[in-house]
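1. predicted structure and sequence below. I'll ask about it afterward.
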Amino acid sequence: MFKKATAFVLFFISFTMFSQQLTVGSVEGKQQNFNTKITIDSLDFTGFELKIKVIDTFADLASIENIKNINKDFLKNGDFRFDIKNSEAIISYRGFAKTSTKKPLALFDLQSSPKKGFSEFIFQVTEATFYDGNQAIPIPKDKQKVKVTIIYAKPFFTSDKVVFGILMLLLGFVFYSEASKNATWKKFYKYIPALLICYLLPAILSSCGIISDHYSSAYLIASRFLLPAALILMTLSIDLKGVFNLGPKALIMFFTGTVGIIIGGPLAILLISIVSPETVGGAGPDAVWRGLSTLAGSWIGGGANQAAMLEIFEYSQDKYGAMVLVDIVVANLWMGILLFGIGKSKKIDEKLKADNSAIESLKERVSSFTDKIKRNPTLTELMIILALAFGGVSLAHFGAGMITDYLNQFDIVKNDDGALSFLGSSFFWMITIATAFGIMLSYTKAKNYEGAGASKIGSIFIYILVASIGMKMNLTEVWKNPGLIAVGLVWMSIHAGLLILVAKLIRAPYFFLAVGSQANVGGAASAPIVASAFHPSLTSVGVLLAVFGYVVGTYGAILCTILMQMASKVA
């Protein structure tokens with residue numbers, strides 16, 4: 001009996017010792033003072049002595065300035081002191097009572113001042129000793145977790161008012177030059193679509209540090225206000241029967257894109273492992289296949305599915321930023337290629353021997369209806385168009401809030417790793433409600449406002465969204481992690497190759513290929529952009545396919561991840 005009791009005590013002590021963890025939290029933000037949270041987990045203590053510093057080699061990046069948000073219990077029940085010298089914080093605490101932790105407990109925040117933008121593990125714990133009475137409990141190095149700090153460099157222009165004006169000037173320049181009779185511009189836009197330039201010019205300015213999406217709310221405003229307004233105005237005169245008459249090819253190409261992502265991940269791992277096995281290696285939470293699961297979630301569904309994969313497969317948070325980078329770079333490059341192809345769609349259709357008669361028929365019917373009711377809009381009509389658009393946006397946000405509040409009561413929706421977690425996304429419901437509202441209006445007299453330019457106003461909103469998305473693309477980031485970028489490019493190439501093969505077999509036009517792909521990879525924010533670039537009447541096709549992406553995203557990503565795990569073992 002004594003031996004069993006002793007064994008149990010030793011087990012309990014060892015369990016407690018090995019589960020202790022001191023964490024220096026992660027930070028992601030602007031170039032301004034930032035707070036880094038310090039936490040301790042699974043430890044009973046009455047006091048501690050900590051020394052935390054900015055690593056000498058990173059002294060030119062940031063400095064520790066103060067201690068903030070000190071745990072209130074420490075101030076009430078003990079003696080808490082700190083001193084800061086040469087960017088090293090010395091913190092001590094002696095309590096009158098024992099503090100017990102079974103989950104991470106916040107001790108205090110380090111307030112630091114950045115000197116420029118960076119992405120580094122800048123902090124080092126030089127001493128970490130806790131006390132239980134007079135007994136010292138040192139926290140070993142392997143139980144000290146220092147997370148990455150990401151500070152985005154301050155661009156030349158930070159004001160939203162200025163940034164929005166710059167984006168509008170860029171759009172104005174593109175439309176002016178496209179309409180110019182100058183031979184050079186005519187030749188240029190013969191090969192390069194104007195929509196692609198609207199996307200690339202903000203990307204160039206962002207890459208040069210002139211503007212930055214991290215300091216601007218342009219994308220947030222465009223995606224949450226202008227996108228749903230555009231969807232309403234572009235579906236105002238929708239010929240729903242004509243959309244359904246497009247046949248099964250749209251769905252076939254969408255699911256082909258999904259399959260391309262599912263098999264593309266494991267194949268990319270196998271191919272890259274031949275050249276660089278360490279790029280697709282790793283073990284435990286750092287295993288690359290776990291990180292790639294978040295790309296599968298993003299490229300089949302969207303942000304909600306991506307978050308679900310991060311929770312389900314528990315990829316290291318410290319390395320997650322690299323996967324986000326791959327997602328942004330590869331997905332945006334692919335979108336640029338699709339936009340470039342729109343200018344060549346007729347030639348591509350000829351090579352695919354595609355039958356696009358149903359698409360042309362729909363475009364002609366909508367154009368014919370528009371020409372029949374076309375008129376110079378009055379101020380009253382323009383105000384009513386905007387009232388319908390933004391009244392619908394208000395309804396969409398209100399409905400999305402109510403639905404998500406209700407559905408988030410259920411664990412299968414509330415938990416990020418739940419199979420139906422996408423139903424807890426207010427963005428998903430906002431897009432769905434806005435589209436449904438536009439379709440409903442198409443069965444009323446409101447559809448006649450198309451003659452007053454409803455879809456043209458919607459197109460303006462879409463182009464502003466395109467410019468704000470372009471601002472998120474930093475072209476210099478491509479070279480920062482070439483190995484993972486290569487995995488992403490190979491993966492996307494397999495996705496594209498399968499789409500081209502199936503399009504050739506079933507004679508699907510480029511429209512279905514581009515929108516089917518973007519409904520997977522880009523989701524509801526960008527699939528309508530690609531669809532509307534062909535014709536405003538086709539916008540709803542992009543939205544409907546993107547909704548399918550949300551539904552199958554988590555399941556498809558899980559299957560893809562299982563295959564990637566198997567491939568990484570073979571590699």
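-> It's in. If you're wondering where the values come from, they're calculated on a predicted model, not measured in any experiment. Numbering: from 1, shown residues only.
2. can you give me the domain boundaries for the protein?
-> Domain segmentation of the chain under automatic domain parsing yields 18-151, 160-570.
3. let's have those domains in JSON lines, adding mean neighbour count.
-> C-beta: built from backbone N, CA, C; applies to glycine. Shown next, in JSON lines, are these (neighbours: other C-beta atoms under 10 Å):
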{"stretch": "domain 18-151", "mean neighbour count": "17"}
{"stretch": "domain 160-570", "mean neighbour count": "20"}
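4. show me where the stretch 251-400 of the chain has helices.
-> Taking DSSP state H, counting those that start in this stretch as the criterion, the stretch 251-400 of the chain carries its helices at 288-300, 303-313, 317-342, 345-352, 357-373, 379-407.
5. what helices or strands is the fourth one leaning on?
-> Yep, that's helix 345-352 we're talking about. helix 482-506, helix 510-521 (3 or more C-beta pairs under 8 Å, 6 or more residues apart in numbering; DSSP states H and E).
6. JSON lines please, covering the ones you listed and showing distance to residue 161.
-> Shown next, in JSON lines, are the helices and strands packed on helix 345-352 (distance: least, C-beta to C-beta, whole Å):
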{"stretch": "helix 482-506", "distance to residue 161": "35"}
{"stretch": "helix 510-521", "distance to residue 161": "31"}
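7. now for those, which one comes closest to residue 335?
-> helix 510-521 (6.6 Å; C-beta to C-beta).
8. what mean pLDDT would you report for the closest one?
-> In this model, helix 510-521 carries a mean pLDDT of 89.
9. just want the angle from whatever helix or strand comes next after that helix to helix 317-342.
-> The element immediately downstream of helix 510-521 (helix or strand, assigned by DSSP states H and E) is helix 527-534. Counting by axes from the mean of the first three to the mean of the last three C-alpha atoms, to 10 degrees, helix 527-534 lies at 10 degrees to helix 317-342.
10. how distant is the helix or strand just after helix 527-534 from the center of its chain?
-> Per DSSP H and E, the first helix or strand lying C-terminal to helix 527-534 is helix 539-570. Relative to its parent chain, helix 539-570 has a centroid offset of 15 Å by C-alpha atoms, centre = their mean, to the nearest Å.
11. what is the orientation angle of helix 539-570 with helix 527-534?
-> Using the same axes, to 10 degrees: helix 539-570 against helix 527-534 is 130 degrees.
12. for the protein, name the helix or strand with the lowest mean pLDDT.
-> Least confident helix or strand of the chain, by mean pLDDT, DSSP states H and E, is helix 2-19 with a mean of 44.
13. can you list the helices of the stretch 251-400 of the chain in JSON lines and add distance to residue 458 and mean pLDDT?
-> As requested, the helices of the stretch 251-400 of the chain are exported to JSON lines (distance: least, C-beta to C-beta, whole Å; pLDDT from 0 to 100):
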{"stretch": "helix 288-300", "distance to residue 458": "26", "mean pLDDT": "86"}
{"stretch": "helix 303-313", "distance to residue 458": "24", "mean pLDDT": "69"}
{"stretch": "helix 317-342", "distance to residue 458": "18", "mean pLDDT": "79"}
{"stretch": "helix 345-352", "distance to residue 458": "21", "mean pLDDT": "86"}
{"stretch": "helix 357-373", "distance to residue 458": "13", "mean pLDDT": "75"}
{"stretch": "helix 379-407", "distance to residue 458": "8", "mean pLDDT": "94"}
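14. can I get those helices in a markdown table with distance to residue 98?
-> Output for the helices of the stretch 251-400 of the chain, formatted as a markdown table (distance: least, C-beta to C-beta, whole Å):
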| stretch | distance to residue 98 |
| --- | --- |
| helix 288-300 | 37 |
| helix 303-313 | 33 |
| helix 317-342 | 30 |
| helix 345-352 | 71 |
| helix 357-373 | 72 |
| helix 379-407 | 40 |
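15. of all these, which lies closest to residue 209?
-> Residue 209 lies closest, by C-beta to C-beta, to one member of these: helix 317-342, at 16.9 Å.
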